[in-house]
Every structure is written in structure tokens, then in C-alpha cells.
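*Asks:* what shape does this take:
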Amino acid sequence: MNSTVLWKERFSLFMQEMQRYMRYIFNGHFVIVLVIGLGGLAYYYSQWVDSLDGSFPAALLLAVIMAIPLTNSPIYTFLKEPDMFFLLPVETKLDDYFRRSIRLSTVFQGYILLMFLAVAMPLYAAVENGQLKDFFYLFAVLLVWKYFNIRIRWSILHYQENSVRHIDSLVRYLMNFGLALLLFSKASIVYVLLLFVVLLALFLYFEKATKQKLLKWELLIELENKRMMAFYRFANMFTDVPKLKEKIKRRQWLNPIMSLVGYRHENTYSYLYVRTFCRSSDFLGLFVRLTLIGIFVLLSLTSLIPQIIGAGLFVYVTGFQLIAIRRQHENMIWHDLYPIAETVKNKAVEKLLTNVLFIQGVIFALVALFTNSLIAFIAVLAISIMMILLLKSYYAKVVRKLQHKWD
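*Replies:* Sure, this is the predicted structure:
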């Protein structure tokens, strides 16, 4: 068996899968909202940076943030569940396969580091008097450091115990924090080299300690599946993803909310979709995450206009992604047996979206009232209602497109 050919085949299939869903993700409204949102964030970020002086602990803040992408070191193995049986006998011949995976992981995560560093540079330049040449030096050092983080993580994955992986993440975060702090505070290169020697010693130790250990196939496949499922859950907000394995939880504490839907014939689909929303980790989790992030953003934006824009964007993004609940049961034929018109289903989803987004809008309006004024409360609530109406119009287009497809 040629492990190089196998890796190239797996990588080709992976890229085809990414391209298949990316064309749905970066299409239409999402790109518009993304551009507007990033533009707004960039503007207020630049305003905030301009207001800082030399006493601001920029190096400390940047070290805390940059240590996160340095520590998080997933390895793209492209392994599948049958590999546990078919590749296990040839494990010793897969060295080139996993070397290629490590190199690819370094390249992919190098792009993430590049984006983090690009965002950090305005703050670094304003407070620490950083220059353009510093950017290339910082990126080169961080990329090499990242490579050794990935190599150490690969060695750690040869251990079965969860505690070993947790300790590894903690130790590497502290070391990555130390390196970033030295770099952004413009410490002597001697200290950077000393810390690099410690990292190199750690790398060599685990390389030797795990040299005779066998691969933990179940763990590697589980991590690969989790990585792909995270992407599929995101892609499912824009199109159907047959491979998505959804997590369902009973959540008895939400029974009072679910009981608000009357147990009547005309509420059949409302009953179904309210329970789908409450018991699906994807949809409820999405709503909770975006609401909490929105609250945090509004708390940091105390001016009226930024709060209006921020609240409107979060309501729109939440609603746009929750529209995917309409397709949640499309591949199941049992609900087609209901003697209920298709329009009732569409209205049930529309009603659910309206109620959920209105609740989110009220929460944002209360935050605006707490941090600003009554006018801000009214304005945020008004923009939330406008976004709901806009999404209802978009949802109607989605329904017409689906009906045209079925016809």
C-alpha cells in the first residue's frame, strides 16, 4: 500500500467536500452581513486603538489572545472509521501519511495565525510602537513555534488518558503565553531563545517517550469526526448536510415553554418545530451563543448608533441561520402523512422564527436600556422588528424556491 497516494486521495476528497459547501456558505445575504459586520468592527476597533496610550497593557492582552491559536493544534488526519480495521495492520508504513497531515495542519493553522496577527498589529503598533518589519519577524517566530506545538500534540495523541491531553494543553498554553508576552513586549531575543530551548526539550522528550507507542485509532478517528461535524453543523445553517449527526437532548426544564403550544390539530407543525428547536443542540445552542455574544457586544458599545447596528446584525444573523430548521425533517417521510397543508408548516416555522427573534430583540433592547437610555431601548427594539420583517420576506422566497423545486 502506498501511503502517499492514500493521503493525496483523502486530501482531494476533503477539498471537494469543502468546496461543495463553501459555495453555499459564501453566497447571498451571509456575505453582505459578514462584510458589514467586519467593516463595523474594524472601524470601532481602530477608534478604540486610537484612544489608547502607552500605559495600556497591550502586550499582556495580545499574549493572552495569541496563546489560544498557538495552543489549539488540531491535526487533519482525514481518517475514517473503517481505517481502524483496514489500516491497523500497516500502521508502521503510514509515517509519510501522518507527516503530510502534520505539514498540512501547520499550513492551515498558519493562515489562522496570520489573521490573528493581522488583527493584533494595529494595537501593537499604537501602544508598543511596532513597525511593518516587526510583522514578518513575529509571524516567522510564531509559525515555527506553532509547528512544534503541533508536533508535541501529535505525540500526546499517542496517550489514551484524557488527563495527559488536558495537562499538555495547559502547559503549552502557559509556554505560548510566555513566548507571546516576550515578543509583544519586545524582550531580548535571548529570553525568546531560552524559551525555545525549553519547548524543543519538551518536543524531544515526547518524541522519544512515544516512539514505541502505537497509534490510538479510536481517539484519532473521534477527533477527526468531531472536527468535520463542527464544520457540517455550520454548513447546515445554509444547506442540507446529509452527513450531519445531530445531538438531541430531552431538556425537561424547557417543558413549560413547549407546553405553550396548544395540543390541537392546527398546531401539529408548531408542536413539532418548537420541540425541534428546544431539544436540538444545534438550534438552541446557536440561539444561546449568538444572544450571549450580542449582549457582550452591546455592553461594550455604549453609543446609540453602534448599539442599533450591532443588535440588528445579531438578530439578522441568528434568524438567517435558524431558517435551516425548515429543512430539519425533509428527509423523513412520516410527517408527510399528516393531513395538513404545506402552508401550515411554513407558517409554523415563520411563527417560531418571529417569536424567538423577538425574544432576542427584547433582550438586546433591555441591554441598551441598561447601558444607554430609553431612546436606545426603543431604537434597538425597532431595528430588531425590522430585521424580523426582512427575514420573513427572505423566508418566503426560500419557501417558494423549495416549492418550485418539488413541483
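*Asks:* and Tyr395, how far is that from Ala324?
*Replies:* Distance check for Tyr395 against Ala324: by C-beta to C-beta, to the nearest Å, it reads 11 Å. C-beta here means a position set from N, CA and C on the backbone, and glycine is covered the same way.
*Asks:* which strand or helix spans Val164?
*Replies:* Element membership for Val164, per DSSP states H and E: helix 162-184.
*Asks:* just the buried residues of that helix, please?
*Replies:* Buried residues in helix 162-184, counted by 16 or more other C-beta atoms under 10 Å: 165, 168, 172-173, 175-184.
*Asks:* name the SS class of Gln212, please.
*Replies:* Assigned with DSSP: H, G, I helix; E, B strand; the rest coil, Gln212 falls in the coil class.
*Asks:* quick check: closest non-adjacent residue to Leu87.
*Replies:* With sequence-adjacent residues excluded and distances taken as C-beta to C-beta, 6 or more residues apart in numbering, Leu87 is closest to Leu94, at 6.7 Å.
*Asks:* so which elements touch the helix holding Val164?
*Replies:* With contacts taken as 3 or more C-beta pairs under 8 Å, 6 or more residues apart in numbering; DSSP states H and E, helix 162-184 sits against helix 58-71, helix 95-128, helix 132-156, helix 189-209.
*Asks:* packing partners of the helix or strand hosting Leu353?
*Replies:* Secondary structure from DSSP H and E places Leu353 in helix 342-371. The contact analysis (3+ C-beta pairs under 8 Å, 6+ apart) places helix 342-371 against helix 268-279, helix 281-300, helix 304-322, helix 374-406.
*Asks:* so which of those helices is nearest Lys226?
*Replies:* For these, the distance to Lys226 is smallest for helix 281-300, at 13.4 Å, taking C-beta to C-beta.
*Asks:* Leu369 touches Ala379, doesn't it?
*Replies:* No - the pair Leu369 / Ala379 is not scored as a contact, 10.5 Å apart, by C-beta atoms under 8 Å.
*Asks:* and these two? which has more neighbours close in?
*Replies:* More crowded of Leu369 and Ala379, by other C-beta atoms under 10 Å: Ala379, with 20 against 16.
*Asks:* same list, the helices and strands packed on helix 342-371, but as TSV with distance to Thr4 please.
*Replies:* What follows is those, written out as TSV (distance: least, C-beta to C-beta, whole Å):
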stretch	distance to Thr4
helix 268-279	45
helix 281-300	37
helix 304-322	39
helix 374-406	42
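*Asks:* in CSV: those helices, plus mean pLDDT.
*Replies:* Listed next are the helices and strands packed on helix 342-371 as CSV, based on pLDDT from 0 to 100:
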stretch, mean pLDDT
helix 268-279, 75
helix 281-300, 83
helix 304-322, 87
helix 374-406, 79
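*Asks:* so of these, which one's packed in deepest?
*Replies:* Highest mean neighbour count of the helices and strands packed on helix 342-371: helix 304-322, a mean of 22 (counted as mean count of other C-beta atoms under 10 Å).
*Asks:* packing partners for it?
*Replies:* So helix 304-322, by 3+ C-beta pairs under 8 Å, 6+ apart, packs with helix 29-50, helix 281-300, helix 342-371, helix 374-406.
*Asks:* and Leu52, its phi and psi?
*Replies:* phi -90, psi 160 (degrees, to the nearest 10).
*Asks:* list the contacts for it?
*Replies:* Ala58, Leu123, Ala126, Val127 (C-beta atoms under 8 Å, 6 or more residues apart in numbering).
*Asks:* among those, name the buried ones.
*Replies:* Ala58, Leu123, Ala126, Val127.
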